[in-house]
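K.L.:
fold the stuff below for me.
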Amino acid sequence: MGTILIVAEIQKGVIREASFELAAFAQKLAGSGHEVKSLVVGQGVKGLAEEFAQRGGGEVLVAEAEALANYSADAFTQATLAAVAASGADLVLISNTPSGWDFAPRVAAALDAAFVTDCFDVSDEGGAIGFKRRIFNGKLDAQVKATGTVVATVQPGATPAFEGSTEGKTTDLDAGIGECKTKFVEIKIAESKGVDLTKADVIVSGGRGLGAPEKFTEVVQPLADALGGAMGASRPVVDAGWLPHEYQVGSSGQVVTPKLYIAVGISGAIQHLVGMKGSNFIVAINKDPDAPIFEVADVGVVADLFDIVPALTAAVTAAKG
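P.N.:
Prediction:
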């Protein structure tokens with residue numbers, strides 16, 4: 001019915017987990033008759049391509065060139081376009097990661113293709129591919145149908161990674177990398193500072209529902225302290241300057257898996273859910289009964305957080321003492 005091209009991403013010498021998640025989406029469509037192919041780019045990446053071929057990647061096109069050794073928007077765009085031409089793909093899946101944000105729209109523009117961003121589900125709608133994405137800060141889900149050639153970015157963590165075994169193969173691809181107006185200079189890793197939420201057993205995170213930055217010290221931090229945990233926050237809180245970035249939980253912040261995660265006044269945009277849905281036990285407190293955060297919560301409390309959280313803090317303190 002059509003051909004899907006997965007653009008795999010390599011990070012720190014291995015294929016990113018998000019790429020195996022793309023494979024899960026592609027294999028879901030393969031059940032409807034779509035053929036799955038993939039692209040792996042870099043230098044000395046044949047072994048990684050063979051691994052991807054066996055884990056849902058189908059036929060993996062391998063583009064190796066000096067210009068592809070490190071990320072370059074121009075080079076990655078050229079390689080992807082070459083792979084689309086070689087595979088005849090009409091659906092290109094790219095992870096919604098920083099590099100994906102950069103080169104995916106370039107690919108879509110060059111192909112004059114439909115462009116759907118930040119998807120969390122995909123389905124065959126009979127002649128069209130259906131995509132689901134969150135809108136209005138996660139309060140609504142939009143169903144988007146696209147025909148013709150489509151480029152889509154998929155939110156990391158939206159689906160479990162493909163874990164099965166498939167029969168695949170690798171094929172060398174001459175990407176014909178031409179002049180690049182951008183070039184790789186160096187990788188700089190920021191010095192780790194502040195809060196390391198990945199090591200916390202208990203996290204109490206607050207969202208814009210708190211209404212003001214001082215409410216974090218008045219409401220959220222006391223509960224985190226009482227539980228012997230750490231305080232976190234949603235992206236809108238960090239974007240507003242209420243807390244530094246090291247407190248942010250989500251796809252563009254820290255991905256956490258504590259024993260207990262309490263979400264206070266957080267609606268639950270997909271970017272936040274990606275960062276915390278692996279927690280062992282999730283409690284959500286929100287006055288909106290339709291907030292997406294309740295979809296992943298083990299316990300949901302529909303109430304005013306300014307009534308519930310102080311009472312919970314008092315109860316925990318009394319129990320300890």
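K.L.:
neighbours of Trp242, just the number please.
P.N.:
Trp242 has 19 neighbouring residues, counting by other Cβ atoms under 10 Å. Any C-beta I mention is one placed from the backbone N, CA and C, and that applies to glycine too.
K.L.:
any idea how far Gly206 is from the nearest residue to it once chain neighbours are set aside?
P.N.:
Computed as Cβ to Cβ, 6 or more residues apart in numbering, the closest residue to Trp242 that is not its neighbour in sequence is Pro213, at 3.8 Å. Using Cβ to Cβ, to the nearest Å, we find Pro213 at a distance of 10 Å from Gly206.
K.L.:
counting neighbours, go ahead and name the busier of those two.
P.N.:
The neighbour count for Pro213 versus Gly206, taken as other Cβ under 10 Å, is higher for Gly206 (30 against 15).
K.L.:
strands along the stretch 151-300 of the chain, start to end?
P.N.:
All strands of the stretch 151-300 of the chain, identified by DSSP state E, counting those that start in this stretch, fall at 169-172, 202-206, 230-233, 260-264, 282-285, 299-301.
K.L.:
state the mean pLDDT of the third one.
P.N.:
The predicted model gives strand 230-233 an average pLDDT of 96.
K.L.:
would you list the strands of the stretch 151-300 of the chain in CSV and tack on distance to Gly253?
P.N.:
Listed next are these as CSV, based on distance: least, Cβ to Cβ, whole Å:
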stretch, distance to Gly253
strand 169-172, 35
strand 202-206, 10
strand 230-233, 8
strand 260-264, 14
strand 282-285, 17
strand 299-301, 23
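K.L.:
relative to Gly44, which of these is closest?
P.N.:
Taking Cβ to Cβ, strand 169-172 is the member of the strands of the stretch 151-300 of the chain nearest to Gly44, at 13.3 Å.
K.L.:
please list the residues outside that closest one that contact it.
P.N.:
Applying Cβ atoms under 8 Å, 6 or more residues apart in numbering, the contact partners of strand 169-172 are Lys46, Ala49, Glu50, Ala53, Glu59, Val60, Leu61, Val62, Glu64.
K.L.:
and the residue nearest to Trp242, its phi and psi?
P.N.:
Main-chain torsions, Pro213, degrees, to the nearest 10: phi -60, psi -30.
K.L.:
so Pro258 touches Val204, yeah?
P.N.:
No. In this structure Pro258 lies outside contact range of Val204 using Cβ atoms under 8 Å: 9.8 Å.
K.L.:
more neighbours, the two?
P.N.:
Counting neighbours by other Cβ under 10 Å for Pro258 and for Val204 shows that Val204 has the greater number, 31 against 24.
K.L.:
quick one: low-confidence ranges for the stretch 151-300 of the chain?
P.N.:
Filtered on pLDDT under 70, the stretch 151-300 of the chain yields the residue ranges 190-195.
K.L.:
mind listing the helices for it?
P.N.:
Counting by DSSP state H, counting those that start in this stretch, the stretch 151-300 of the chain has helices at residues 214-215, 221-226, 235-239, 270-276.
K.L.:
okay, buried residues for the second one please.
P.N.:
So that's helix 221-226. Gln221, Pro222, Leu223, Ala224, Ala226 (16 or more other Cβ atoms under 10 Å).
K.L.:
can you check the third one too?
P.N.:
Using 16+ other Cβ under 10 Å as the test for burial, helix 235-239 gives Arg235, Pro236, Val237, Val238.
K.L.:
one step back: so the residue nearest to Trp242 touches Tyr247, yeah?
P.N.:
No. Taking contacts as Cβ under 8 Å, Pro213 lies outside contact range of Tyr247: 11.4 Å.
K.L.:
export the helices of the stretch 151-300 of the chain to CSV and tack on distance to Gly88?
P.N.:
Converted to CSV, the helices of the stretch 151-300 of the chain look like this (distance: least, Cβ to Cβ, whole Å):
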stretch, distance to Gly88
helix 214-215, 55
helix 221-226, 53
helix 235-239, 38
helix 270-276, 31
